[in-house]
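Enquirer: Structure for this input, please:
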Amino acid sequence: MTQDTQQLPEEQTLSTPLAVTIVTGERTVYDGFAETLVLPGIYGQIAIRRNHAALLAVLEPGEMLLKTGTDELDYVIGGGFVEVRDNQAIVLADSAERAEDIDIAAAEAARRRAESLVRRAGPTQPSASRSLALSRARLRVAMRHRPRRRR
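Expert: This is a model prediction of the structure:
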């Protein structure tokens, strides 16, 4: 057996970190390691840690959480796909935005527009429902991470 095709010893496999790459059509949003990646799958949340089984899944608009050693990074994604294999997770997101970068007033206005669109087009219109789901997720993430005011 050559060096390239040998299996890693079990203790080395168990300590291999999860490499995470998050990309959109415009940019690489994150490229590093994580302990846990939580994504909005079409059937509910998907939590991925190292040594996760191979997976290819469709993602819904919603909240994405990336836990590193001491940090938790919150994002909102506009849907997409995730592929997991060999301790590597690649997220191909339609859009991705960090919690700190969300303008709460703009997100609230987008939610109102999306709600109006759903009322006019009906809840079965996929693009209207998708816009509403994304705008609500943006607001949840932004509100959770806004600076706390001192009293």
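
Enquirer: So for the helix or strand where S135 lies, what gets flagged as buried?
Expert: According to DSSP states H and E, S135 maps onto helix 126-145. Going by neighbour count (16 or more other CB atoms under 10 Å), the buried part of helix 126-145 is 128-142. C-beta: built from backbone N, CA, C; applies to glycine.

Enquirer: same question, stretch 24-36
Expert: Residues of stretch 24-36 classed as buried: T24, V29, Y30, A34 (neighbour count, 16+ other CB under 10 Å).

Enquirer: Let me see the mean pLDDT of the helix holding S135.
Expert: Taken as a whole, helix 126-145 has an average pLDDT of 84.

Enquirer: Name the surrounding residues that touch it.
Expert: Here helix 126-145 makes contact (CB atoms under 8 Å, 6 or more residues apart in numbering) with 40, 60-63, 74-76, 78-79, 95, 97, 99-100, 102-104, 107-108, 110-111, 113-115, 117-118, 120-123.

Enquirer: Quick one: buried ones out of those?
Expert: 40, 60-63, 74-76, 78-79, 95, 97, 99, 102, 107, 110-111, 114, 117-118.

Enquirer: From the contacts of helix 126-145, which land in strands?
Expert: P40, E60, P61, G62, E63, D74, Y75, V76, G78, G79, E97 (DSSP state E).

Enquirer: And those, which is closest to Q88?
Expert: Checking the ones in strands among the contacts of helix 126-145 against Q88 with CB to CB, the nearest one is Y75 at 18.3 Å.

Enquirer: Is there a neighbour count for the closest residue to that closest one other than its chain neighbours? I'd like the number.
Expert: Leaving aside its chain neighbours, Y75 sits nearest to M64 (4.4 Å; criterion: CB to CB, 6 or more residues apart in numbering). Using other CB atoms under 10 Å, M64 is surrounded by 27 other residues.
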